[in-house]
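>>> A predicted structure for the sequence below; I have some questions about it.
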Amino acid sequence: MIKLIGFKIFGHSLFENGTLFTLQTSGQITQKSKSRIIQFNNSLTLNRVIGIVGINATGKSTLMEIFDGLNQLYLLDRSIDQTPLNNRFRSRKDLITIDAYLATNANDSYVVKTTFKNTPIPDGIDNNDKEWQISDEKVYHRQNKSVPKKDLFKVPKSSKDKSALTEIYNRRALSKDQKRLLSKKDSIFRAVDNLGHISTVSSTVPLTNRNKVISFMDNTPKELLDYLDNSIDNLIYEKDDNGKTIGYTLKFKGSNDIIHATNFDELSHYLSSGTIKGITLFYEFLIALRRGATLMVDEIELHINRQIVRDFIGFFTNPKVNVNNATLVYSSHYVELTDDLKRGDEEYILTRKDQTRLIRLNDAHVRTELKHSEIFQNNTLNGTAPSYGTYMKLMNAVKSHNPKFALSSRKATPQKIQE
């Protein structure tokens with residue numbers, strides 16, 4: 001199996017240069033926290049759960065979409081414009097460089113250094129019509145039984161560096177015929193053979209603001225319905241011969257009435273938004289757990305009870321349930337969720353001034369007796385809470401738009417009050 005482990009990014013207008021996001025553990029593994037990590041190969045350990053918190057517009061969704069897009073580009077052989085990268089890449093200099101880290105459970109390590117350039121479209125109406133292309137790219141590889149953690153994805157700085165990976169592909173070294181065969185929107189990593197099974201990445205980011213159901217093959221598991229809303233007897237999906245959902249039937253306990261609907265939106269009159277979100281979220285969790293995938297969930301608490309969220313996250317942290325070593329990456333505005341994270345490397349905190357800084361909690365050097373949520377809410381790292389100054393400006397703006405209604409000293413009539 002090959003899996004995208006993480007990436008480092010340079011040139012993105014939102015993130016500081018060298019921003020690193022990875023599933024790889026960085027803290028000490030103790031006997032107490034051993035069950036929360038995945039031993040992916042001889043040298044590489046991964047987190048089962050990672051939480052991302054930050055105030056609005058710090059880039060939580062962008063971070064997850066870039067991870068998903070890189071997985072599609074390198075491992076699913078998709079072109080840049082077929083991935084989320086096309087919409088999530090922004091650069092003041094129209095140039096972004098990515099160091100992507102990939103590994104197999106057979107002890108292979110890969111680093112793909114890709115330079116993306118935002119280039120004017122030849123047939124575009126004006127110079128503002130641009131598209132992202134790959135202008136430079138190198139692939140490095142090493143196969144080793146055991147490597148120190150610090151050298152796992154080490155790129156050589158010179159030919160004498162024996163502890164680093166070896167360059168196996170260089171885009172600039174391709175012949176003219178090879179360059180013609182390789183689109184400027186495609187990665188050279190697709191030339192790497194024998195990668196084995198690909199660990200997929202699933203993302204709910206496009207559905208964050210849409211409470212859209214993802215249906216099961218025939219019916220929602222009774223155990224799930226009892227957990228989410230025990231008044232529901234069954235929810236069945238009607239399929240055509242091609243397996244496409246063409247209708248739904250819903251029945252409540254204690255009632256002989258069967259509700260038919262051709263569109264799931266019609267059932268929103270009978271089911272709460274929390275139940276709908278719970279069904280969708282559970283489906284995504286179940287698929288990821290079956291496949292051993294990396295699941296990216298944006299604003300995990302949206303539309304749903306917080307205890308249900310905690311219980312669902314527990315599927316991933318429990319090694320007896322998460323037997324295929326799936327990883328959950330979630331973002332949340334409910335920072336108390338992070339108090340459930342037991343390791344400092346399970347939490348990323350985004351802070352922003354001119355650009356977003358990504359801080360792993362175990363690298364933050366904060367007081368260990370503080371809860372994770374307290375570190376965020378107390379603005380310990382600066383930039384995790386709106387500033388008091390901006391809040392006072394907002395309050396003054398509200399005052400200016402809401403002048404005090406002065407009644408006349410004479411007794412007001414009902415008509416005058418209504419006016």
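Nice, thanks for sending it over.
>>> which residue is nearest the centroid of this protein?
residue 64 (3.1 Å; Cα atoms, centre = their mean).
>>> check which helix or strand covers it.
Using DSSP states H and E, residue 64 falls within helix 60-75.
>>> Report the mean confidence score over that helix.
In this model, helix 60-75 has a mean pLDDT of 96.
>>> ok, residues contacting the helix or strand following it?
With elements assigned by DSSP H and E, the helix or strand that comes after helix 60-75 is helix 85-88. Contacts to helix 85-88, defined as Cβ atoms under 8 Å, 6 or more residues apart in numbering, come from residues 62, 65, 66, 69, 70, 73, 80, 116, 131, 132. Quick note: C-beta positions are derived from backbone N, CA and C, even for glycine.
>>> could you redo the last one with a cut-off of 7 Å?
Helix 85-88 is contacted from outside by 62, 65, 66, 69, 73, 80, 132, using Cβ atoms under 7 Å, 6 or more residues apart in numbering.
>>> Stretch 160-177 now?
109, 111, 136-142, 151, 154-156, 182, 188, 191.
>>> Show me just the buried residues among the residues you listed.
Buried by 16 or more other Cβ atoms under 10 Å: 109, 111, 137, 138, 139, 140, 141, 142, 154, 182, 188, out of the contacts of stretch 160-177.
>>> Out of the residues you listed, name the ones that lie in helices.
Among the buried ones among the contacts of stretch 160-177, none falls in helices (DSSP state H).
>>> Closest to residue 333 out of these?
residue 111 (33.8 Å; Cβ to Cβ).
>>> Show me the shaky parts of the stretch 1-150 of the chain.
Across the stretch 1-150 of the chain, the ranges flagged by pLDDT under 70 are 124-127.
>>> What segments of it are strands?
Ranges of strands in the stretch 1-150 of the chain, per DSSP state E, counting those that start in this stretch, are 2-10, 19-22, 37-39, 45-47, 49-54, 95-104, 108-120, 130-143.
>>> Show the average pLDDT along the helix or strand just after the last one.
In other words, strand 130-143. With elements assigned by DSSP H and E, the helix or strand that comes after strand 130-143 is strand 166-170. Average pLDDT, strand 166-170: 94.
>>> Ok, stretch 316-324 next?
Average pLDDT, stretch 316-324: 94.
>>> between the helix holding residue 64 and strand 95-104, how big is the angle?
60 degrees (axes from the mean of the first three to the mean of the last three Cα atoms, to 10 degrees).
>>> Helix 60-75 - contacts with which helices or strands?
Helices and strands touching helix 60-75, by 3 or more Cβ pairs under 7 Å, 6 or more residues apart in numbering; DSSP states H and E, are strand 2-10, strand 49-54, helix 85-88, strand 95-104, strand 201-203, strand 294-297, strand 327-331.
>>> In its sheet, which strands sit next to the second one, and in what direction?
Sheet neighbours of strand 49-54, with direction, are listed as strand 327-331 (parallel), strand 347-352 (parallel) (DSSP bridges).
>>> so which of these is the most packed in?
Most buried of the strands paired with strand 49-54, by mean neighbour count (mean count of other Cβ atoms under 10 Å): strand 327-331, with a mean of 25.
>>> and stretch 11-30, how far apart are its ends?
End-to-end span of stretch 11-30 (Cα to Cα, to the nearest Å): 37 Å.
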